[in-house]
Each structure stands twice: as structure tokens, then as C-alpha cells.
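Chemist: A predicted structure for the sequence below; I have some questions about it.
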Amino acid sequence: MRELVFVNSPFIRKNHLDSEEQEFFDVYFEKTKKMLNEEQQSQYEKYLSKSVNLSSGMSVPIYDLPAPPLWISSLSPVAKDAGYSPNVLDLTYLSFVEHALDNVGEKIHDTKGDIFLFSSFTNNYHIVEKIAQHIKKSNPDAINIIGGHHASFMADNILGKTFDIVVRGEGEKTVEELLRALEWDRSRLNTIDGISYFAQNTIHHNADRKLIENLDSLPMPDYDILPNTYKDIFSGRIFASRGCPMKCSFCAESLWSKNYPRYRSVDRVMEEIELMKEKLNIRDLWINDETFTSKKEYVTAICDSIPETGLSWSCQTRADFVNEKTLSKMKNSGCDAVFFGAESADQNILDINNKKLDVRKITDACSLAKSVNMPVATNWLVGLPGESRESAIKTIEYAEKLILKGLTNLVDYYICAPYPSTDIYRRPEHYKVKINSSDFSKYREDTVSVMDTEYLDAASIHKLWKYGLSTFASAMKSVENVPNSPNVP
């Protein structure tokens, strides 16, 4: 049986937080802890006090770990069905050690494998590439395969000396066919939809693979393969559906899922939740769907079943995709928070970025949630195309008022980053923005932007972001005795 290795790559952390960031996160997490109910607070405090020993020998707070790599648990049963013996090369500890990649070669040299599978974010691709280079140096015959949003849309820049194959889009069906071909008949590579590959010094792009219609046809995740550091986490993540019907300019999901939502059966979702409870010892659940409430009858069915799990849960959605009846049903079934993607309080900015949201719906949705005693978090961006100093200040003041009026418990605030899978990246001239760097390590939502808008340069956007963080920290600190708040996913 051939050896296949999933590479769990490090997530890139900032070495230093500005004072505004530190103050914001101190208030944010303290506020979250205080707003939990008594039982949750006890569990959460125990969780936060835990440390885990990484394979490097160092100990870190458990809440500092990157989220469990669900792509590995999803593809492991696919690899087994294709006749491979999968293992995990866990390099997440490198997230915490400066210049740790200088010594990563020794770790890789001891890892035996014929095929190595990677997934990367945009801003850690340079790290993933270095790891893959070490693998090729140690084992020139190894096949390096990479997938995920970044690789799917940057295959021409990725394939060559380091990576042999890119899996574009949803991976389960493609990886199964690919692994069987690599095992039995490599001449079939040109028949596999959804891959790009490098052969005879040429990059080949096969046809796109159709989206997976029947999500229930996919195998249950293999949580046993995950590193032990993930076997006792507080909050788990699950996707009840895939795809979002909207086409927001800044969203990395839109081109990936082709704006076509597909839903798993409620029974299948419940089966996975119970499996996650058993294997990862979760006490809380984050439903990671882009717009969980887009299909009201589906939400109702989930709400009818999820209390049997005994878990509290939270989700994200749009402000115009909720009503009082649905929110009440969610609250009564154990939902302890809803996150609304607001983005901007300036209608012109929302329109420019194809958000297709009436700004008044933001306050309306928060008010509806509060009418059923549902805690609320709102998500905002600064530096969107069209952003000016005036529109940014308008958004900051609007969100601040929501906090002070008790209409949102928490605020998440980020800098708009033009990721390669967004419409902004693909059509900067349409949005009148200038992308200043092709160094993807700088494509972050918490550092100086790589993008100027028509009216703001990157440095000004960063200053406005820090001003917003300070404003929100002060507002959240000043509001006491609010209803139960979400567990931060």
C-alpha cells in the first residue's frame, strides 16, 4: 500500500500586536467570557486554561492553535478508499516559532511518503511552498499536490519545480480519481476534471469539475487521523451546506462555489455532529455556512434536531436573510449567537461591492435578534473599493452606536484584502483600486493593506482600522449586563 502524507502547514501569526489591537482583543475575549452563561463560562475557562504540547516539545495555550484541518479529515477516507495509507505531517507548531523553517528539513527528511497533499491560505502559501521544496529535495520522486482557494485560482503561478498537480475547487471526487490514476495509470491524468498539472515542461489545465450535487454521497470525516492536539477542543466547525447565492466583490467563496448553494440532509448533518462530539469532545458548534439562514425550511429542520446533540451553537448569515420566526426558532434550539455580515454602513459602498443589501436591514436584523434575546455579532470591513475617509468613519460610528444601544454584543473589524479568488483581484480597474504587491504573505486583514482605493491609500486605511479598533474596544467596554454572547469560532 502506497504512503500518502497530508501536510498540516503552519498558520502565519503576527509577531507583534499594535496597542490598539491588543486592547481590542483583550476586551473582545473578556467580554465573550463574561457573557457566557454559568455552565458555559466554567467550561470555557477550563478550556482557555489548558495548554497543549506540540511535536516540537513546546507548550502553547490551546486557544492559540489553528482550527482543526477539516480538509484532512474529509480527504482521509477518500485516500483510504483509493488504496492508500494516509498519515499527517503536523507542522502547525511552526506557527509559533520565528524562523522555524530553517530547521524544517530534518523533520521532513524523517517523513516517508510517495504523495504529499497540501492546502494553503493566500498569506501562508510562501511557507507551504518552502515546505514542499524541502520535500522535493529530500525525495525528488515524491508527488506534491496542492488544493484550496489560493491554489485553485493561481495554478499557473504554482505549478513547476515544487508542485506537480493542483486540485481546483471541491476536492473529494477529484482527489479520489486522481489517486487511483496515480496508482494504476498516470496516462489518465488528462481525463480527470478539476486538475491542473505539470508534465513535459508544460502546464495542462483540464476542464472544471462540476460541483458535487449530492453532498450526502461524501464519506463521513475521519477525525481519528487528526493530531492529538485537536482531540479536546471547545468548539467544532461543520458545514451543513456549501455555496452562497450572492456575488460580493470581496468574497473568496463566490468564484469557488459558483453562487450555487447545496444542502446536506439534516440526518447526515446530525450524524457528523455526533461523530465530532465523540472524537473531538466538542461542547459548542460553529455552523460555518456562508449564509446559514438562506433557506428557512432547512433552518427549521436543523433546529428541530440539533437540541438532541446537547450542544450550544452559532452561525453566520446576511442581515436580510432572517426574520423573527426563524431567529426565535434558532434561539429556542440552543443557538447562542448569530453573526451578521454587515461590511459597511455606507449604502454606496455596499452597492459598489455588489453586497445587494439595504443598509437599514443591518439595524433591523440586530433588533429582530434582540427581540428574541439572541446575542449578535456584526462583521465590518474597512478599505473596500470606493472607501473614503468619510465612508469609513460613517461605518465606525454606525457600528459604535449599535454597540452602545445594545443591538450588537461584539464587533469584528477587518481590512479588505484582495484575495486571488475575489472579483476585486480579478477586476481591479472595474473597482478603481490599485493592488500594490504580488507578495502574498502581505495579503492579510490585520496589517497595512496591499491595496489603495480610489480615495484612500493603504497607510490611511490601516490608520482608520486602528481607530476603529479603539472605538469599538471603548464601546464594548462601556456596555455591561448584555445577554449571553457567542463562543468565538
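Modeler: Great, that's in hand.

Chemist: Going by C-alpha atoms from here, please, whenever you check contacts or count neighbours.
Modeler: OK.

Chemist: Need phi/psi at the nearest residue to H462 once chain neighbours are set aside.
Modeler: Spatially, and ignoring its direct neighbours in sequence, H462 is nearest to V448 (5.3 Å; C-alpha to C-alpha, 6 or more residues apart in numbering). Dihedral pair for V448: phi -60, psi 130, per degrees, to the nearest 10.

Chemist: Contacts only, for V448.
Modeler: 458-459, 461-462 (C-alpha atoms under 8 Å, 6 or more residues apart in numbering).

Chemist: Same question for I225.
Modeler: 72-73, 76, 87-88.

Chemist: can you rerun that using 10 Å?
Modeler: 6, 72-73, 76-77, 86-88 (C-alpha atoms under 10 Å, 6 or more residues apart in numbering).

Chemist: Strands of the stretch 301-450 of the chain, start to end?
Modeler: Ranges of strands within the stretch 301-450 of the chain are 312-317, 335-343, 376-382, 410-415, 434-435, based on DSSP state E, counting those that start in this stretch.

Chemist: State the mean pLDDT of the longest one.
Modeler: Strand 335-343 comes out with an average pLDDT of 96.

Chemist: Does P221 touch P68 like I think?
Modeler: No - using C-alpha atoms under 10 Å, P221 is not in contact with P68; the gap is 12.0 Å.

Chemist: Which neighbouring elements make contact with the longest helix belonging to the chain?
Modeler: In the chain, with assignment by DSSP state H, the single longest helix is helix 458-478. For helix 458-478, the elements it packs on are helix 19-35, strand 376-382, helix 389-404, strand 410-415, strand 451-452, judged by 3 or more C-alpha pairs under 10 Å, 6 or more residues apart in numbering; DSSP states H and E.

Chemist: neighbouring strands for the last one, and are they parallel or not?
Modeler: The reference is to strand 451-452. With DSSP bridges as the test, strand 451-452 is paired with strand 434-435 (antiparallel).

Chemist: chain center to the strand it pairs with: distance?
Modeler: Distance of strand 434-435 from its chain centroid, counting by C-alpha atoms, centre = their mean, to the nearest Å, is 24 Å.

Chemist: again, but for stretch 6-22
Modeler: That offset, for stretch 6-22, works out to 15 Å (C-alpha atoms, centre = their mean).

Chemist: Next, the distance between the ends of that stretch.
Modeler: 34 Å (C-alpha to C-alpha, to the nearest Å).

Chemist: What residues of that stretch count as buried?
Modeler: For stretch 6-22, a neighbour-count test (16 or more other C-alpha atoms under 10 Å) marks 6-12, 20-21 as buried.

Chemist: ok, E177 - how many residues close by?
Modeler: 18 (other C-alpha atoms under 10 Å).

Chemist: Which stretches in the stretch 151-300 of the chain count as helices?
Modeler: 155-158, 172-184, 254-257, 266-280, 296-305 (DSSP state H, counting those that start in this stretch).

Chemist: I'd like these written out as JSON lines, with mean pLDDT and distance to Q347 added.
Modeler: Shown next, in JSON lines, are those (pLDDT from 0 to 100; distance: least, C-alpha to C-alpha, whole Å):
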{"stretch": "helix 155-158", "mean pLDDT": "94", "distance to Q347": "36"}
{"stretch": "helix 172-184", "mean pLDDT": "93", "distance to Q347": "39"}
{"stretch": "helix 254-257", "mean pLDDT": "76", "distance to Q347": "21"}
{"stretch": "helix 266-280", "mean pLDDT": "96", "distance to Q347": "36"}
{"stretch": "helix 296-305", "mean pLDDT": "97", "distance to Q347": "26"}
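
Chemist: Out of those helices, which is closest to A365?
Modeler: A365 lies closest, by C-alpha to C-alpha, to one member of the helices of the stretch 151-300 of the chain: helix 296-305, at 15.1 Å.

Chemist: what angle sits between the closest one and strand 335-343?
Modeler: 150 degrees (axes from the mean of the first three to the mean of the last three C-alpha atoms, to 10 degrees).

Chemist: Now helix 296-305: buried residues?
Modeler: For helix 296-305, by 16+ other C-alpha under 10 Å, it's 298-300, 302-303.

Chemist: With stretch 190-200 instead?
Modeler: 192-198.

Chemist: you'd agree K161 is up against K136?
Modeler: Yes - at 8.6 Å, K161 counts as touching K136 under the criterion of C-alpha under 10 Å.

Chemist: who touches both of these two?
Modeler: Joint contacts of K161 and K136 (C-alpha under 10 Å, 6+ apart) are N144.

Chemist: between these two, who's got more neighbours?
Modeler: More neighbours surround K136 than the other of K161 and K136, with 18 against 12 (other C-alpha under 10 Å).

Chemist: Specify the next element, helix or strand, located C-terminal of whichever strand or helix holds the more buried one.
Modeler: In the assignment (DSSP states H and E), K136 maps to helix 125-138. Going down the chain from helix 125-138, the next helix or strand is strand 143-147, by DSSP H and E.

Chemist: between that following strand and helix 172-184, how many degrees?
Modeler: 170 degrees.

Chemist: which stretches of the stretch 1-150 of the chain have low pLDDT?
Modeler: Confidence mapping of the stretch 1-150 of the chain against pLDDT under 70 gives the ranges 1, 15, 35, 37, 43-66, 93-103.

Chemist: Next up, the contacts around L456.
Modeler: 383-389, 433, 462.

Chemist: what's the answer for S328, then?
Modeler: Counted by C-alpha under 10 Å, 6+ apart, S328 has contacts 335, 368-374.

Chemist: List just the nearest of the residues you listed to K231.
Modeler: Among these, and counting by C-alpha to C-alpha, the member closest to K231 is C335, at 23.5 Å.
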